[in-house]
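> what follows is a predicted structure for the sequence shown.
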Amino acid sequence: MTGELPDVADPDSDLAAELDLARQTGALLQALAELEPREREIVSLRYGSDLNASEIAVQLRMEPANVRKILERARTRLGERIEALVKSRGAAA
């Protein structure tokens, strides 16, 4: 025994991490809801169902290149919107 106290997790840091995660999750859900239905469907199939662009294209009768372009635009818009929402909610917290 060295007489040193063991490290104990800071309960405040866990709470802060949980609040941050909740803030990010809420922002993601709101940003997804703001997408056009077709964009939301494609994002859901890509990330929720883990399908690739070719698989999504077959399912939705689209060209894979169109699926990839829609995903690229949706990801950009989602990222920007999530960032704005997290910042606005962080300032209010």
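Ah, there it is.
> mind checking the longest helix of the protein?
Longest helix in the chain, counting residues (DSSP state H): helix 64-92.
> list the buried residues in that helix.
Neighbour counts over helix 64-92 (16 or more other CB atoms under 10 Å) mark V67, R68, I70, L71, A74, L78, R81, I82, L85, V86, R89 as buried. Using the backbone N, CA and C atoms, a C-beta is placed for each residue, glycine as well.
> for the host helix or strand of D14, buried residues please.
In this assignment (DSSP states H and E), D14 forms part of helix 11-33. The neighbour-count check on helix 11-33 (16+ other CB under 10 Å) flags R23, A27, A31, L32 as buried.
> now do the helix or strand S54 falls within, average pLDDT.
Take DSSP H and E as the rule and S54 turns out to sit in helix 53-60. The average pLDDT within helix 53-60 is 98.
> distance between it and the chain's centre?
Computed by CA atoms, centre = their mean, to the nearest Å, the chain-centroid distance of helix 53-60 equals 22 Å.
> from E55, how far off is the spatially most central residue of the chain?
Central residue of the chain (CA atoms, centre = their mean): L28, 4.7 Å from the mean position. Applying CB to CB, to the nearest Å, the value for L28 to E55 is 23 Å.
> least confident secondary structure element in the chain?
Every helix and strand in the chain was compared by mean pLDDT, DSSP states H and E; the lowest is helix 11-33, with a mean of 83.
> same for it, what does it pack against?
When contacts are defined as 3 or more CB pairs under 8 Å, 6 or more residues apart in numbering; DSSP states H and E, helix 11-33 packs onto helix 37-43, helix 64-92.
> who's in contact with the first one?
Outside of helix 37-43, the residues within contact range by CB atoms under 8 Å, 6 or more residues apart in numbering are L32, A33, L35, I56, L60, V67, I70, L71, R73, A74, R75, L78.
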